[in-house]
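[1] Build me a model:
(2 chains)
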Amino acid sequence: MSIVSVLILRRGRAALASLSVLLALLVAGSAGADDRPADFHALGVSLGWSRLAVLDRSASDLTYIGHLPTLGLGWELRRGGNIFAVRLRAGILGPYYAKQYRHREFDLIESDLHGTETLHADARGVVYTGGLSFTYLRRLLRPAGHRPGVALGATLAEDMVYPQGFVAPGLMLAGTLSPTFALEQPLGRRGLLTVGARMPVLAVVSRMPYHGTVSRPERGLLGGFVSQRTEVESLGRFRQVQWSLGLQIRLGRRWLGGLAYEGTYTYDRDPRPLRSVQHSLLASIAFDFSARKGD
Amino acid sequence: MSFRTLTPAFAPLAVCLALACDPELGDDVSRADPVANFERLWDDFDRYYGLFAVKGVDWDALHAVYAPQVRPGSTRAELYAVFADLLGHLGDTHVSLYPAGDPELPVWNHLRVDGVMPVGNYDYDLIRSDYLRDHVDGGELVEYGRLDGDVGYVHLKLFDGDRREWRRTMDDIFAALGDAPGIVVDVRDCPGGLDPLVQYVAGRFAADRRLFMTARKRSGPDRDDFTAPEAWYVEPTDDTYTGPVVLLTSFLTQSAGETFTLAMGTQDHVVHLGEATNGALSDNIMRDLPNGWMVSISVGDYRGPTGASYEGVGVPPDEEVLNTAEEVLAGTDRALERAIARLSGE
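    Residues are numbered from 1 along each chain as shown, chains lettered A, B, ... in the order given. So this is what the prediction gives:
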């Protein structure tokens, strides 16, 4: 895991591909076992890395890249025909820069009666991301033995991208309601592979207004931002696809270890088009409250 | 487990592998082409600049003049010179060019000479050493103390932070200076900040509710696409100081420093002394150019309470008092001394 983490941090896309291959090998290596570890009630934390790419024409015609250490907290109940999940995710203080100009700098000369002073400025910024989601899924086909399970349901989520810097593309708050699909594939006695996808059908989106400023009478920055341009949008204006691939391994009677890849593509049309793609790699550890005897 | 059984798991995995590649987001601009950079800069101003009418600038005519001066083979220094000439017609301190990545090219705006802003005839160190006692350093936002005759002095440096922080700061200031026979409020080197904080701080000096500004901003790509004008009022807020106040400004008073000047100017107990402000009131945004340079653009059309625009001309004082560099270097701040005299009844 630590080697994979280092690769992720240093190699970016290459590491994403490497991790995917690793997941595939783990899947293949687990084949042949015979148990069903698909039900649990767990609370866990995750740690990982995210890469965010944003082209927000309302702020810039350049693509911006952010790299974010990412923390997560999750609660999940998989029992019988139901799956409930609550997830909190935060990408913290990642560097944020124009893709083609990672190290843009300039000098600003300030002067007063006593002389001049040169201030060195770096045109990079920082970016934060965050999200809170509530998911309910109904198992249409319960996983059993080697047979995969299929579940359908819905997710209510609120996601945020908050950049700061000289140029700050991507600023957005989006509350979404999404039909959600999940596939569960038991892998032997200890493993569970999950594949998920969701796509919002309704969103409440806050973005900067056309003029790109937030100043309004008697309002702070957040109030000015939200009050100027928060709109209910459907697929014609706001499109998002989120997908995930996760592997959970039972480490003992009470503990679950996990590895997950998550991706999000977002498009929002107004006031000028925004497109973003976020990839996240996360390692997790979770405590299982419902550990079965004999495991 | 058979391959067929694993297929449902591997199929999404393959999709994820494909999506793990950095997607092409449509960022297809021609980065180094001088002509493309010129057109992008011209177009960004065309889409966002809010003061063409106020400044009487024919942007199309300027395109006809300057576009032919940019050729595919133009150097970055030549392109910089054309941009400076073009943007110079706007006479707007909120319009700056940041040639990031080209260290030999200085930051440009219409006031800077070889990247250096003109020097203001103002020196806060002089005030602190020769005029001020009971000095309190309030950090990046404010400093205050007492002048001769027990007159209060408040140096507002930047309208940043949040309202809660400013409430605490203003409470501290009024606890220290509330019994003063008058207060000098000095924004002579205030570069700006946030207008809602201006509204709050001015409200702490307000005796009456008054309109101090209307602001409309670009709402679309056509040059007459504007939001409806939004009215900004100043009104008594929390505990107020409504004794005599002298507001000091200079040409270094910019942006939110100027909207503060408008707000304070509506109050009958406030006298405005010094120099006219800079004349750059509107909010501005930063845009990237394909070659990595950045440019700031004024997006609004801000007017005073009578509907007058002060863009490019500044808010004029009630009484003009101009320091000279020689006086200040010799240890005299004539504008401040005039303010003290007015508040001391001399």
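
[2] any idea how far residue B:272 lies from residue B:173?
    Residue B:272 sits 20 Å away from residue B:173, going by Cβ to Cβ, to the nearest Å. C-beta: built from backbone N, CA, C; applies to glycine.

[3] again, but for residue B:270
    Going from residue B:270 to residue B:173 by Cβ to Cβ gives 16 Å.

[4] One more: residue A:165?
    32 Å.

[5] and these two? which has more neighbours close in?
    residue B:173 (22 against 17; other Cβ atoms under 10 Å in any protein chain shown).

[6] Verify the stated contact: that one with residue B:154.
    Yes - counting by Cβ atoms under 8 Å, residue B:154 is a contact partner of residue B:173 at 5.9 Å.

[7] which neighbours do the two share?
    Common contacts of residue B:173 and residue B:154 (Cβ atoms under 8 Å, 6 or more residues apart in numbering or on different chains): B:142, B:144.

[8] List the buried residues for the host helix or strand of residue A:203?
    Counting by DSSP states H and E, the element that carries residue A:203 is strand A:202-207. Residues A:203, A:205, A:206, A:207 are the ones in strand A:202-207 that count as buried (16 or more other Cβ atoms under 10 Å in any protein chain shown).

[9] And for stretch A:255-269?
    Quick answer for stretch A:255-269 (16+ other Cβ under 10 Å): A:256, A:257, A:258, A:259, A:260, A:261, A:262, A:263, A:264, A:265, A:266, A:268.

[10] Name the SS class of the second one, please.
    Same thing as residue A:257. Going by DSSP: H, G, I helix; E, B strand; the rest coil, the secondary structure assigned to residue A:257 is strand.

[11] Enumerate every residue touching it.
    A:248, A:249, A:251, A:283, A:284, A:285, A:286.

[12] pLDDT score for it?
    We have a pLDDT of 95 for residue A:257.

[13] what's the first-to-last distance across stretch B:241-261?
    Chord length of stretch B:241-261, first to last residue, is 16 Å (Cα to Cα, to the nearest Å).

[14] what about the helices in chain B?
    Using DSSP state H, the helices of chain B run over B:3-19, B:34-48, B:52-55, B:59-66, B:76-88, B:124-126, B:163-177, B:195-203, B:256-265, B:325-329, B:334-344.

[15] okay, the fifth one in PDB with CA atoms only?
    Once non-C-alpha atoms are left out, helix B:76-88 reads as follows in PDB (Å, rounded to 0.1, in the frame of the first residue of the first chain):
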ATOM      1  CA  ARG B  76       6.700  38.900 -26.700                       C
ATOM      2  CA  ALA B  77       8.200  42.300 -26.000                       C
ATOM      3  CA  GLU B  78       6.500  43.700 -29.100                       C
ATOM      4  CA  LEU B  79       3.200  42.100 -28.100                       C
ATOM      5  CA  TYR B  80       3.600  43.600 -24.600                       C
ATOM      6  CA  ALA B  81       4.100  47.100 -26.100                       C
ATOM      7  CA  VAL B  82       1.000  46.800 -28.300                       C
ATOM      8  CA  PHE B  83      -1.100  45.600 -25.300                       C
ATOM      9  CA  ALA B  84       0.200  48.500 -23.200                       C
ATOM     10  CA  ASP B  85      -0.700  51.000 -25.900                       C
ATOM     11  CA  LEU B  86      -4.100  49.400 -26.400                       C
ATOM     12  CA  LEU B  87      -5.000  49.200 -22.700                       C
ATOM     13  CA  GLY B  88      -3.600  52.700 -22.000                       C
END
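
[16] who does it touch, helix- and strand-wise?
    Here helix B:76-88 is seen to pack against helix B:34-48, helix B:59-66, strand B:97-98 when contacts are counted using 3 or more Cβ pairs under 8 Å, 6 or more residues apart in numbering or on different chains; DSSP states H and E.

[17] got the angle between it and helix B:59-66?
    Going by axes from the mean of the first three to the mean of the last three Cα atoms, to 10 degrees, helix B:76-88 is angled at 150 degrees with respect to helix B:59-66.

[18] Kindly list the main-chain dihedrals of residue 161?
    This is for chain A. Backbone torsions for residue A:161, taken as degrees, to the nearest 10, come to phi -130, psi 120.

[19] what bridges to it?
    Residue A:161 has the following beta-bridge partners by DSSP bridges: residue A:129, residue A:172.

[20] where's residue B:85 relative to residue B:247, distance?
    Taking Cβ to Cβ as the measure, residue B:85 falls 36 Å from residue B:247.

[21] These two: who's more crowded?
    More neighbours surround residue B:247 than the other of residue B:85 and residue B:247, with 29 against 13 (other Cβ under 10 Å).

[22] bridging residues for the more buried one?
    Under the criterion used (DSSP bridges), residue B:247 bridges to residue B:185, residue B:272.

[23] residues contacting it?
    With Cβ under 8 Å, 6+ apart, residue B:247 has these contacts: B:185, B:187, B:261, B:264, B:265, B:270, B:271, B:272, B:273.

[24] Going through those residues, which ones are buried?
    Among the contacts of residue B:247, those classed as buried by 16+ other Cβ under 10 Å are B:185, B:187, B:261, B:264, B:265, B:270, B:271, B:272, B:273.

[25] Settle this for me: the fifth one is touching residue B:315, isn't it.
    Yes - at 7.0 Å, residue B:265 counts as touching residue B:315 under the criterion of Cβ under 8 Å.

[26] Common neighbours of the two, please.
    residue B:272.

[27] Which neighbouring elements make contact with the helix or strand encompassing residue A:91?
    Here residue A:91 sits within strand A:82-98, counting by DSSP H and E. With contacts defined as 3+ Cβ pairs under 8 Å, 6+ apart, the packing partners of strand A:82-98 are strand A:40-56, strand A:64-79, strand A:125-141, strand A:149-164.

[28] Enumerate the positions of that strand that are buried.
    Across strand A:82-98, burial judged by 16+ other Cβ under 10 Å covers A:83, A:85, A:87, A:89, A:90, A:91, A:94, A:96, A:97, A:98.

[29] Same check on stretch B:91-105?
    With burial defined by 16+ other Cβ under 10 Å, the residues of stretch B:91-105 counted as buried are B:91-102, B:105.

[30] Tell me if it is near chain A.
    Yes - against chain A, stretch B:91-105 shows contacts by Cβ under 8 Å from any Cβ of the partner chain at B:98, B:99, B:100, B:101, B:102, B:103.
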